[in-house]
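A.B. asks: when you get a sec, could you give me coordinates for this:
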Amino acid sequence: MELPGDVRDIFDRLKVELEAGTRVAPPVVCSWCDRPPRTGQRTCISCHAAFMRAWRRQHPLTGEQRRRANARSYAHVYLKRGKLTKAPCEQCGDPDSQMHHPDYNQPLNIVWYCRPCHLAHHRKNRD
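C.D. replies: Presented below is the predicted three-dimensional model:
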């Protein structure tokens, strides 16, 4: 599938920036149109949405990636609605914790880890 010209230009521009390793300060206007950008970003919400729609068409999720994304989304909705409560890290007790899914088939079965403990858990349990 051929990308529209403006989206292809966006991909080309991002590729050049990634290869060059350059980082540009967020602009006052969207880098693709003249609207104000999102906070701390280079593009406005509509240009970002157009880019992401094109990206998703070119890079579809595999079945496993979709299952994991759905489990995370489901858990975040429950967290947002107050049906799931954030707990401190189960290893060290740090209140700044993040969700870990031991089994993506059970999206509400959550283990809470702080960032360092979460990374250590994944290093220890690599397949």
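A.B. asks: can you give me the domain assignment for this structure?
C.D. replies: 5-58, 63-124 (automatic domain parsing).
A.B. asks: in TSV, list those along with mean pLDDT and mean neighbour count.
C.D. replies: The way it works is simple: take the backbone N, C-alpha and C, and place the C-beta from them, glycine included. Converted to TSV, those look like this (pLDDT from 0 to 100; neighbours: other CB atoms under 10 Å):
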stretch	mean pLDDT	mean neighbour count
domain 5-58	81	13
domain 63-124	95	14
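A.B. asks: how far away from the center of its chain is the host helix or strand of Arg66?
C.D. replies: Using DSSP states H and E, Arg66 falls within helix 63-80. Centroid separation between helix 63-80 and its chain, computed with CA atoms, centre = their mean, to the nearest Å, is 12 Å.
A.B. asks: let me see the contact set for the most centrally placed residue in the chain.
C.D. replies: Nearest to the geometric centre of the chain sits Ala69, at 9.7 Å (CA atoms, centre = their mean). The contact partners of Ala69, by CB atoms under 8 Å, 6 or more residues apart in numbering, come to Leu61.
A.B. asks: can we see that at 10 Å?
C.D. replies: Ala69 sits next to 61, 104 when contact means CB atoms under 10 Å, 6 or more residues apart in numbering.
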